[in-house]
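# Have a look; sequence and predicted model below, questions after that.
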Amino acid sequence: MGKILVIHGPNLNLLGTREVEIYGKTTLEEINENLERSAEEAGHELETFQSNHEGEIVDKIQETDAQIILINPAAFTHYSVAIREAIASVDIPTIEVHISNIYAREEFRQQSVIAPVTVGQIAGFGPESYYRALEAAIRLMESESSR
């Protein structure tokens with residue numbers, strides 16, 4: 001049994017009501033419930049965390065005892081060297097998640113400073129991006145534990 005930490009960045013607390021044409025009508029609470037249920041069914045513990053504050057996200061990354069992190073850095077994707085360095089400084093595989101396809105949006109959204117310090121990125125599948133990332137995380141943890 002492993003522990004998975006899911007970090008949601010700024011404004012994701014508004015999912016379901018914010019720019020539904022881009023992010024859909026699924027709420028963050030619904031995403032978290034689905035993730036928790038899927039993790040539990042696979043025999044893993046899942047913790048979720050959302051913050052609109054960069055420093056709180058950095059603290060959470062530094063303090064976690066999780067075996068893997070899923071992070072949707074949201075707006076911090078494009079400029080947060082602090083979050084990038086926090087991920088790089090812990091020895092925890094991290095998967096970057098985005099609801100929208102950031103590469104099909106405005107030019108400023110097409111650069112991720114976080115991606116180079118992650119094991120991978122899943123983007124563009126709506127809330128399904130989170131569920132696919134969770135599947136990848138579980139497979140990664142299982143392959144690590146079999147070594």
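Looks like it arrived, so ask away.

# And the strands in this protein?
3-8, 45-50, 68-72, 94-98, 120-123 (DSSP state E).

# Okay, buried residues for the shortest one please.
Going by neighbour count (16 or more other Cβ atoms under 10 Å), the buried part of strand 120-123 is Gln121, Ile122, Ala123. Glycine gets a C-beta too; all of them are placed from N, C-alpha and C.

# from the residues you listed, which is closest to Ile4?
The shortest approach to Ile4 among the buried residues of strand 120-123 belongs to Ile122, at 14.2 Å (Cβ to Cβ).

# Of all the strands of the chain, which one is nearest Ala137?
Nearest of these (Cβ to Cβ): strand 68-72, 4.7 Å.

# Relative to Ile102, how far out is Glu63?
Going from Glu63 to Ile102 by Cβ to Cβ, to the nearest Å gives 27 Å.

# The two - which one has more neighbours?
Ile102 (20 against 10; other Cβ atoms under 10 Å).

# where does that one sit relative to Ala123, distance-wise?
For Ile102, the distance to Ala123 - Cβ to Cβ - is 6 Å.

# what's near enough to touch Ile22?
Ile99, Ser100 (Cβ atoms under 8 Å, 6 or more residues apart in numbering).

# what about it, distance to Tyr103?
Ile22 is 14 Å from Tyr103, by Cβ to Cβ.

# So what would you say the end-to-end distance of stretch 14-29 is?
10 Å (Cα to Cα, to the nearest Å).
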